[in-house]
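A.B. asks: Sequence and computational prediction follow.
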Amino acid sequence: MKKILLFLLLAPFGYANAQYVVNYKRVADTYFENKDYYAASTFYKKALKITGDSTLAILPYGTERKSAKDEKVIEDYEGSIYNLAESSRLYREFSEAEKYYAVAITFTNTRYRKAQFYYAECLRANKKFTPAIDAFQVFIRKNPNDPLVKEAQKEIASCKFALEEMRFPRMVQVRKIASNVNGLGSNYAPVKVGNDFYFTSSRPVATAGKKDIMKTDAGEVQISTKANPFINNLYTTKTDLGVADISVRMMDLNLPRNVETAAASFSPDGKRVYFTYWRERERYSIYTATKMDDKWSDPVQVGLEINSKDFNSSQPFVTADGKYLLFSSDRSGGYGKFDLWYCTIREDGTLGQAVNLGPTINTEDDERAPNYNTITKKLLFSTDGRVGLGGMDFFEAEGDLITWSEPKNLGYPFNSSKDDLYFTATNEQGTRGYISSDRESSCCLEVFEVKKESFNIGGILTDCKTKLPLAGATVTFSNAESNKKVITGVDGKYLFSVDSKRPVKLLFAKDNYFSITKNYPYEELAKADTMIYKDYCISPFKLGIPIALDNVYYEFNSAELTEPSKKVLDFLIPIMEDNPEMEIELGSHTDNIGTDEYNLDLSNQRAKSCVDYLVSKGISESRLTSKGYGESMPIAPNEIGKGKKKKDNPEGRAKNRRTEFKVTKK
């Protein structure tokens, strides 16, 4: 899985009017060793003679391979291709990286065996989830003992998760901010304080031309450039973000030279700011400044409770009540790389000791950019340590800073196949806000506006017999992700709110009533706008009390069911399916024509025919019993009158020739 650095996906440095005193491969190798991957990729392409129109590399320096024994040429060629793929991946240009890893996976030299893993990773980042699964499986098969196998298995699970998420997207609107906020470089960690909008940007700050000395193990390489560094700074604007051309200015924090700042968070009154502060080759620390007469004081470290020369602390977040500071750190005592921590903010502004948010939140990988809503008690953060769509994904957990629910992935399109982090809410419930993501960029984070929406399923539950609203019934909602329950009140109403239109099942149940299940397939939900409203009823029963099945007939003088009778019995199938613990008895009755023995035997056969039919439809035979009662339990007179005036009663006989069922166990 791709790994993000502390705050940003490093934006490419600009190199104009360059004059080079060494061959292209040596320049590329120098930039690569100094982790300037954009420049490295540029010069590897020159070394390999890859132009903007070509998709395949050729041998370095235009040399034709004379024989397979020309090991130096092969080594230079394969090394350049692999490093070009690595450079492209590391500066987040996954489309380019995919092309070159596709060449590198054909190399037989074992030093390039990880190309298969990174090729699969690029496929995933480029939303090619099914081919990515295949590529990860190839890596596992070829390298069963590699430490990356565990990561590959997680990536496969993530690709499968992503495919499901793309099928049933969440009800979230995601819109890129169309303004000068998203300029060159990375733009991320947005936060709104009153009418002011703050964000971090690595947009270029022009400087005079100079000589860069790139140091390597083999010596020094001097390259003449016109420097245009991408330095992270805090920026602000007061203009509506809906306006395309807005005025953006750097936040006036009176910083020393060569210092970078990022990820600001403010106290509730907006007069104190916390942010991450670092210099090149130094650890990340959290600093703070206060506002006096619209001017910010000189930044100072928050203290040893948070900062240390031995570890990094970054990405501070102040809760809306001003009582807690959450942050990300790789300090000792955690569960992985970067964990989420919190400390109290005392009334005098000093901080309490840092406390880890615990193993329910933190993983063996990275947890970043916490945002805790004190109203909803929900923590929203980013991590690459769990199954997701890829890269850093947003997760949400509910808790009180000590005890947490299991974090839930916020799904697509809140998350993407690339990096998604830095959520900030713009309303109390946290359903609107901003995020940072590189989903539409080849290299860098950008700011997006997000709006969560919901879909409601509701109605009224009644008693099928009385037609009145049914109180005290349990209505259970379930889909692929969750189960929810409500108990109906005197009005019989039920209502569920969901964030996607995945297939839904509703179960309506109450003691001494037959439960019913109603299914809503995706196609039905997709046609609806924001709500489906349907009323249902459930039927009462009493244990051991027979219920007549009208119009169950048999062939004359036979136990064989007629086709119309089978349709009547079909009525019992959903009842049995919706009430899986229920057992019933099917009883058959006759009129008094014929001997008692004959009628009892015939009724037993007919009841057995009903049971056999239900078993043929998938109902377990262990839940069904049959019993014939013959003519012993009439419900109407077979004959009317007395003595010589006695006459046949066809209507009564018809009622007595009946099939019933009764619940013997619920």
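C.D. replies: Sure, I can see it. Numbering: from 1, shown residues only.
A.B. asks: where's the residue most central in space within the chain relative to residue 395, distance?
C.D. replies: With distances taken as Cα atoms, centre = their mean, the residue of the chain nearest its centroid is residue 411 (2.7 Å). Taking Cβ to Cβ, to the nearest Å as the measure, residue 411 and residue 395 are separated by 10 Å. All C-beta spots, glycine's among them, are computed from the backbone N, C-alpha and C.
A.B. asks: Point out where the stretch 451-600 of the chain drops to low pLDDT.
C.D. replies: Per-residue confidence of the stretch 451-600 of the chain (counting by pLDDT under 70) places the weak regions at 555-556.
A.B. asks: What segments of it are strands?
C.D. replies: Secondary structure of the stretch 451-600 of the chain (DSSP state E, counting those that start in this stretch): strands located at 455-463, 474-478, 483-487, 493-498, 504-509, 516-520, 531-533, 536-538, 547-549, 583-589.
A.B. asks: Equivalent analysis for the stretch 151-300 of the chain, please.
C.D. replies: With DSSP E, counting those that start in this stretch as the criterion, the stretch 151-300 of the chain has strands spanning 172-176, 187-193, 196-201, 210-216, 219-225, 233-237, 249-250, 259-266, 272-279, 285-292, 295-296, 300-301.
A.B. asks: any chance of the ones you listed in JSON lines, plus mean pLDDT?
C.D. replies: As requested, the strands of the stretch 151-300 of the chain are arranged in JSON lines below (pLDDT from 0 to 100):
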{"stretch": "strand 172-176", "mean pLDDT": "95"}
{"stretch": "strand 187-193", "mean pLDDT": "94"}
{"stretch": "strand 196-201", "mean pLDDT": "94"}
{"stretch": "strand 210-216", "mean pLDDT": "46"}
{"stretch": "strand 219-225", "mean pLDDT": "46"}
{"stretch": "strand 233-237", "mean pLDDT": "94"}
{"stretch": "strand 249-250", "mean pLDDT": "90"}
{"stretch": "strand 259-266", "mean pLDDT": "96"}
{"stretch": "strand 272-279", "mean pLDDT": "96"}
{"stretch": "strand 285-292", "mean pLDDT": "95"}
{"stretch": "strand 295-296", "mean pLDDT": "92"}
{"stretch": "strand 300-301", "mean pLDDT": "94"}
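A.B. asks: Domain-wise, how is this protein divided?
C.D. replies: The chain breaks down by automatic domain parsing into domains covering 24-168, 174-205+229-240+248-451, 455-538, 547-665.
A.B. asks: who's in contact with residue 365?
C.D. replies: With Cβ atoms under 8 Å, 6 or more residues apart in numbering as the criterion, the residues that contact residue 365 are 1, 336, 337, 383, 384, 385.
A.B. asks: ok, back up a step: of all the strands of the stretch 151-300 of the chain, which lies closest to residue 345?
C.D. replies: Taking Cβ to Cβ as the criterion, strand 272-279 is the member of the strands of the stretch 151-300 of the chain that comes nearest to residue 345, at 9.2 Å.
A.B. asks: May I have that closest one as CSV, with CA atoms only?
C.D. replies: Extracted in CSV, the C-alpha atoms of strand 272-279 (Å, rounded to 0.1, in the frame of the first residue of the first chain):
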residue,chain,number,x,y,z
ARG,A,272,-4.7,30.5,19.5
VAL,A,273,-3.4,28.4,16.6
TYR,A,274,-1.5,25.0,16.8
PHE,A,275,0.4,23.7,13.8
THR,A,276,3.2,21.4,12.7
TYR,A,277,6.6,22.9,12.4
TRP,A,278,9.8,21.4,10.8
ARG,A,279,13.0,22.0,9.0
